[in-house]
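Colleague: Sequence plus the predicted model coming up.
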Amino acid sequence: MNILTQDLLYLLELREIDSLIFQGNCTQVFGSHLFGGQLLAQSLVAAAKTTDRPAHSLHAYFIQAGRTDIPILYQVSNLQDGSSFSRREVKALQNGQLIFIALISFAYFEQGPEFQIAPPVYPSPDSLQPEQHHKLHVIEQVPDNHKSIFMRPFQLEIKPTQFLGFKAESKSSYAEYFRTYDKLTLKIDSVILHQAIMAYYSDYNLLSISILNHGISYFDDKIKAISLDHIIFFHHDFRVDEWSLYDLSTNISSQARSLNYGKVWQNNKLVCSTVQECLIRKV
């Protein structure tokens with residue numbers, strides 16, 4: 001199995017400390033800054049260990065920056081086990097300090113009225129180059145102190161429809177395909193694992209669309225850009241080891257905050273939606 005896939009699966013193997021307390025390990029994605037997708041994915045896994053239903057929505061706030069050199073404790077609270085929904089609150093702590101909180105709702109799949117907007121039209125992933133290919137072509141333009149982080153490969157295979165790069169460009173939409181490097185074996189395959197990996201990936205470039213919209217470079221030290229919250233809605237079943245399209249957009253920035261939207265498509269079906277508000281502040 002690809003070492004990047006192994007690393008991702010390792011992150012999602014939480015250790016049970018008590019019936020409602022779990023411990024998760026950390027990895028570095030963007031240097032010493034704890035990647036928000038890790039908190040989203042691990043909190044979902046922790047909550048899912050207390051119910052047999054798949055998730056249908058997750059609403060989270062990033063309270064303060066986390067560290068990548070110490071484990072994270074996840075405290076799960078059982079808010080409801082009803083006939084239709086199970087709801088959990090998850091708090092993530094490091095050194096006794098609250099860094100993240102999420103409300104996650106679970107429900108069995110059921111039939112109902114169906115509707116979705118038309119899927120977007122982009123080139124197929126087979127005709128596109130992987131993200132690392134694009135990075136290699138621009139690495140000489142990256143400041144030396146950012147090169148190692150810039151070139152660090154992500155744990156999922158990504159093929160941009162148009163490479164984001166790092167230059168200041170004014171654009172309000174972006175899309176990329178993604179999947180795991182390896183097929184998930186029957187031994188570990190589960191709906192929750194697919195949902196957790198989707199949650200992990202969903203934070204990877206969602207903030208980036210706001211930065212691009214303002215023509216801000218990733219490496220501008222005069223700008224502070226951080227995610228404030230994150231929402232995921234799971235609409236349909238899907239597989240993260242098959243190509244999906246993440247279609248991103250932003251429609252407003254106001255009071256140093258910007259609002260971003262994501263739609264995840266697989267086989268022309270809208271399987272997930274994401275929303276995130278981020279802070280973009282001059283320092």
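Modeller: That came through fine.

Colleague: Name the SS class of residue 74, please.
Modeller: Secondary structure state of residue 74, per DSSP: H, G, I helix; E, B strand; the rest coil, is strand.

Colleague: tell me the contacts of it?
Modeller: 14, 21, 22, 23, 24, 42, 43, 46, 90, 91, 92, 93 (C-beta atoms under 8 Å, 6 or more residues apart in numbering). Every residue, glycine included, has its C-beta placed from N, CA and C.

Colleague: and of those residues, the nearest to residue 34?
Modeller: Closest approach between the contacts of residue 74 and residue 34, by C-beta to C-beta: residue 92, at 9.7 Å.

Colleague: what about the residue of the chain most remote from its centre, distance to residue 108?
Modeller: Using C-alpha atoms, centre = their mean, the residue of the chain lying farthest from its centre is residue 83. It sits 29.5 Å away. From residue 83 over to residue 108 the distance is 10 Å, taken as C-beta to C-beta, to the nearest Å.

Colleague: how much space between residue 145 and residue 281?
Modeller: Distance, residue 145 to residue 281, using C-beta to C-beta: 22 Å.

Colleague: Can you pull out the low-pLDDT segments for the stretch 1-150 of the chain?
Modeller: Scanning the stretch 1-150 of the chain for pLDDT under 70 picks out 31.

Colleague: how far away is residue 216 from residue 155?
Modeller: Residue 216 is 26 Å from residue 155, by C-beta to C-beta.

Colleague: got the residue ranges for the helices in the stretch 101-250 of the chain?
Modeller: 131-138, 147-151, 191-202, 208-213 (DSSP state H, counting those that start in this stretch).

Colleague: Span of stretch 20-33 from start to end?
Modeller: Taking C-alpha to C-alpha, to the nearest Å, stretch 20-33 runs 27 Å from one end to the other.

Colleague: Next: stretch 215-222.
Modeller: Across stretch 215-222, first to last residue, C-alpha to C-alpha, it's 13 Å.

Colleague: Report the mean per-residue pLDDT for that stretch.
Modeller: If you average the pLDDT over stretch 215-222, you get 74.

Colleague: Equivalent analysis for stretch 268-280, please.
Modeller: Stretch 268-280 comes out at a mean pLDDT of 96.

Colleague: now what about it, what contacts it?
Modeller: Contact with stretch 268-280 is made by 116-117, 119, 198, 202-203, 206-207, 210-211, 214, 216, 223-238, 244, 253, 256-265, as judged by C-beta under 8 Å, 6+ apart.
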